[in-house]
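S.K.: how would this look folded up:
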Amino acid sequence: MNTYKLDHLEEVHIWKFTTDKYKSYINLFTSWLSNTEYKYMAQLKNKNRQQAFIISRGIIKQIISMYLGHSPATIEIFYTSYMKPYLKNQFLYFNISHSADLVLIALARKPVGIDIEKLRDIEDYDRTAALFLSDKEKRLLYNNETSFLKKNTFFEIWTHKEAVVKALGYGLHFPLHKINILHSKHQFLNTIYIKNKIFTVRNILIDKNYRSAICKEGKIHEIHIFQFENLSN
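M.R.: Residues are numbered from 1 along each chain as shown. Predicted structure coming up:
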């Protein structure tokens, strides 16, 4: 089995894969689910979402095993009250995001959040912006006249904001409109101060049809992106 490690506190590893390649492993991955994970999976009404959850949890346990040197079947993931996954007694933090069939998994030695969204049309920009965007972000959104630019801008804003609240550990339980990720010149902030802590936010180029962002407590000096290919024996 290949082994990996995070050499320093300012490094982030990102793994990407598509869920459709691993549907034949559903039974194996289901056997790795904890009781909490199985109950969460069972309450998902859509079968595709159930399968995506099972596969993403199976692959993340496989990836974590390459850092900890444990069998993926023995990796136990715990969950906060906001359902953010974490490991006990380990200096390894991770976060997961998926959109369509593409999944990203970020690992770091400090709390980390990642988000990916496939570009798609939004039915009601006004309502969505009113609920989730700050005033600066709304102005940037509405400065774009074409549908393509507006869609691209919205998902750049969204992924940055969601990566931040996921790094904080709240996910969508935190009011997104209170997180501003722009400065006065309508450019994206690289550093955000929240609760007396510094968080670094970076855009990630994964696929032209997606927008994605990473946020980590402290600084980010290196980002390494890996393609997950095969399960180890």
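S.K.: all contacts plus neighbour counts: C-alpha atoms, from now on.
M.R.: OK.
S.K.: could you find the closest non-adjacent residue to Ser65?
M.R.: Pro72 (5.3 Å; CA to CA, 6 or more residues apart in numbering).
S.K.: tell me the phi and psi of that neighbour?
M.R.: phi -60, psi -30 (degrees, to the nearest 10).
S.K.: now swap in Ile116 and tell me
M.R.: Dihedral angles (degrees, to the nearest 10) for Ile116: phi -140, psi 140.
S.K.: check this protein and tell me which residue is nearest its centre.
M.R.: Ile114 (2.8 Å; CA atoms, centre = their mean).
S.K.: got a list of contacts for the helix or strand Ser212 falls within?
M.R.: For Ser212, the host element (DSSP states H and E) is strand 210-217. The contact list for strand 210-217, computed with CA atoms under 8 Å, 6 or more residues apart in numbering, reads 106, 108, 110-119, 152, 155-156, 159-160, 163-164, 167, 197-206.
S.K.: after the helix or strand that contains the residue nearest to the centre of the chain, which helix or strand is next?
M.R.: For Ile114, the element it lies in under DSSP H and E is strand 112-118. Next along the chain after strand 112-118, taking DSSP H and E as the criterion, comes helix 125-132.
S.K.: filter the contacts of strand 210-217 down to the buried ones.
M.R.: Buried subset of these (neighbour count, 16 or more other CA atoms under 10 Å): 106, 108, 110-119, 152, 155-156, 159-160, 163-164, 167, 199-204.
S.K.: what about the strand holding Ser212, distance to the chain center?
M.R.: Centre-to-centre, strand 210-217 and its host chain are 7 Å apart (CA atoms, centre = their mean, to the nearest Å).
S.K.: what of stretch 49-61?
M.R.: For stretch 49-61, the separation from the chain centroid amounts to 14 Å (computed by CA atoms, centre = their mean).
S.K.: got the buried residues for that stretch?
M.R.: By neighbour count on 16+ other CA under 10 Å, the buried set for stretch 49-61 is Gln50, Gln51, Ala52, Phe53, Ile54, Ile55, Ser56, Arg57, Gly58, Ile59, Ile60, Lys61.
S.K.: stretch 140-159 too?
M.R.: The neighbour-count check on stretch 140-159 (16+ other CA under 10 Å) flags 140-142, 150-159 as buried.
S.K.: return the distance of the residue nearest to Ser65 relative to Ile63.
M.R.: As judged by CA to CA, to the nearest Å, Pro72 and Ile63 stand 8 Å apart.
S.K.: can you give me the helices in this structure?
M.R.: Along the chain, the segments classed as helices by DSSP state H run 26-31, 35-42, 47-68, 125-132, 135-142, 147-168.
S.K.: hey, least reliable of these by pLDDT?
M.R.: For the helices of the chain, mean pLDDT drops lowest on helix 125-132, to a mean of 81.
S.K.: mind listing the shared neighbours of Pro72 and Ile63?
M.R.: Contacts common to Pro72 and Ile63, judged by CA under 8 Å, 6+ apart, are absent.
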